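A.B. asks: Structure here, sequence nowhere to be found:
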């Protein structure tokens with residue numbers, strides 16, 4: 001095998017190995033963000049390239065981040081996790097931190113996402 005053939009073989013193998021990883025990364029980065037604290041800056045790649053371990057770390061981080069999920073109607077006693085979207089009195093809320101619903105709705109764990117057209121009664125303004 002000539003050196004050029006060897007280089008072509010290695011390049012083909014790397015493209016085949018990195019292609020699925022790039023596709024997964026693109027899909028994860030396309031998800032709508034959920035506000036939260038900023039994470040630490042990642043290390044820069046050598047000469048503008050990204051190392052495989054850096055890509056794997058980014059994918060692993062994105063796969064653990066919350067994404068929006070339909071939590072249905074807010075229920076007493078239900079357990080919610082960040083990214084759950086619930087409806088309460090016609091208004092949609094996004095859970096921002098793990099929350100076990102007990103008693104009255106806890107508005108410190110939810111962020112307003114879509115307000116109902118009519119204002120709900122004052123005592124039920126948010127979960």
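C.D. replies: Nice, I can see it. Every value quoted in this text rests on a predicted model; they were computed, and no experiment measured them.
A.B. asks: what secondary structure does residue 27 sit in?
C.D. replies: Using DSSP: H, G, I helix; E, B strand; the rest coil, the structure places residue 27 in helix.
A.B. asks: ok, now residue 97?
C.D. replies: coil.
A.B. asks: That one reaches residue 82, doesn't it?
C.D. replies: Yes - here residue 97 reaches residue 82: they are 6.1 Å apart, a contact under Cβ atoms under 8 Å. Heads up, the C-betas are built off the backbone N, CA and C, glycines and all.
A.B. asks: any idea of the mean pLDDT for the helix or strand hosting residue 6?
C.D. replies: Assigned by DSSP states H and E, residue 6 belongs to helix 3-29. For helix 3-29, mean pLDDT rounds to 79.
A.B. asks: per the record, what domains does this protein have?
C.D. replies: Listed domain ranges for the chain are 3-64, 69-124 (source: automatic domain parsing).
A.B. asks: before we move on, back to that, run through the neighbouring helices and strands of the helix holding residue 6.
C.D. replies: Helix 3-29 makes packing contacts with helix 52-64 when contacts are defined by 3 or more Cβ pairs under 8 Å, 6 or more residues apart in numbering; DSSP states H and E.
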